[in-house]
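In: build the 3D model from these lines:
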Amino acid sequence: MSRAGTEGMVLYATSFLIWTMTVGVTTPVETAAGMAFPVSKSIPLSAIGKIGGAFAQFTLARYILSEWAREKMEQNEWFNKINLSFQSHPFRVALIWRFSPLPEFVKNVGPALVPTLKTRYQIMATLVHGLPFTVLWSCMGHEAAMVARGREASLVLKRLVAGITWVGIFVSPTLFGCWLKGLGSDDEENEA
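Out: Predicted coordinates for the structure are as follows:
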């Protein structure tokens, strides 16, 4: 695709958009794009595919499936708690969901089912979460290609990977866990 010019770039971005909507695991694809395309092309192409796919999935769920799903979850106490949480802190909760260890499908479709969440907050959270990781994984792929050609890995990238590892292993699950615990503590306060 990288040697097919504009057609290859359009094919990659479109394929990645569909991949994001169906498979959802984006890191290896963005890394491979960083190896195949120059970074100046892999970053915007991957961003179009990943963020476009996430938003398309959110939009389909919000405007086609949401009424049916809401009816099914109407009496679910957790759904009501999640809805109230999104109502109180829409951007913060949308961002917590984006950084959570949940599968991409849940990160995109779950908030679409929440009636109190405005679409703009989901778009902002997707951009704030998605763009930095697109840059990171595209640069990682580019760096891996350079190392494969005999160049030494850069110190900056080594530090970024070390930092993001801590975020992925400790920070994201902790934030999500604290948010979930906060949802459960509302019941405890009401019972006391």
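
In: quick one: distance of stretch 36-44 to the chain centre.
Out: 19 Å (CA atoms, centre = their mean, to the nearest Å).

In: which residues are contacting that stretch?
Out: Stretch 36-44 is contacted from outside by 1-2, 9, 12, 30, 33-34, 45, 134-135, 138-139, 141-142, using CB atoms under 8 Å, 6 or more residues apart in numbering. Where C-beta positions appear, they are placed from N, C-alpha and C, glycine not excepted.

In: if we use 6 Å, what do you get?
Out: Applying CB atoms under 6 Å, 6 or more residues apart in numbering, the external contacts of stretch 36-44 come out as 2, 33-34, 135, 138, 142.

In: just the buried residues of it, please?
Out: 36-37, 39, 41-43 (16 or more other CB atoms under 10 Å).

In: could I get those residues as CSV with pLDDT?
Out: CSV is the format used below for those (pLDDT from 0 to 100):
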residue, pLDDT
36, 93
37, 94
39, 93
41, 96
42, 96
43, 97
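
In: looking at the residues you listed, which one is closest to residue 157?
Out: residue 39 (11.7 Å; CB to CB).

In: and the closest one, how far is that from residue 149?
Out: Using CB to CB, to the nearest Å, we find residue 39 at a distance of 15 Å from residue 149.

In: right, and the helix or strand after whatever helix or strand residue 156 lives in?
Out: Following DSSP states H and E, one finds residue 156 within helix 155-166. Per DSSP H and E, the first helix or strand lying C-terminal to helix 155-166 is helix 172-191.

In: between helix 155-166 and that next one, find me the angle.
Out: On the basis of axes from the mean of the first three to the mean of the last three CA atoms, to 10 degrees, helix 172-191 is oriented at 30 degrees to helix 155-166.

In: got the CA positions of helix 172-191 in PDB?
Out: Extracted in PDB, the C-alpha atoms of helix 172-191 (Å, rounded to 0.1, in the frame of the first residue of the first chain):
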ATOM      1  CA  SER A 172      -5.700   3.300  33.300                       C
ATOM      2  CA  PRO A 173      -7.000   0.400  35.400                       C
ATOM      3  CA  THR A 174      -6.700   2.400  38.600                       C
ATOM      4  CA  LEU A 175      -8.700   5.300  37.200                       C
ATOM      5  CA  PHE A 176     -11.400   3.000  35.800                       C
ATOM      6  CA  GLY A 177     -11.500   1.000  39.100                       C
ATOM      7  CA  CYS A 178     -11.900   4.200  41.200                       C
ATOM      8  CA  TRP A 179     -14.700   5.400  38.900                       C
ATOM      9  CA  LEU A 180     -16.500   2.000  39.200                       C
ATOM     10  CA  LYS A 181     -16.000   2.000  43.000                       C
ATOM     11  CA  GLY A 182     -17.500   5.500  43.100                       C
ATOM     12  CA  LEU A 183     -20.600   4.200  41.200                       C
ATOM     13  CA  GLY A 184     -21.000   1.500  43.800                       C
ATOM     14  CA  SER A 185     -20.500   3.800  46.800                       C
ATOM     15  CA  ASP A 186     -23.600   5.800  45.900                       C
ATOM     16  CA  ASP A 187     -25.600   2.800  47.100                       C
ATOM     17  CA  GLU A 188     -23.700   2.600  50.300                       C
ATOM     18  CA  GLU A 189     -24.300   6.300  51.000                       C
ATOM     19  CA  ASN A 190     -28.000   6.000  50.300                       C
ATOM     20  CA  GLU A 191     -28.400   3.000  52.600                       C
END
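
In: many thanks, I have nothing further to ask.
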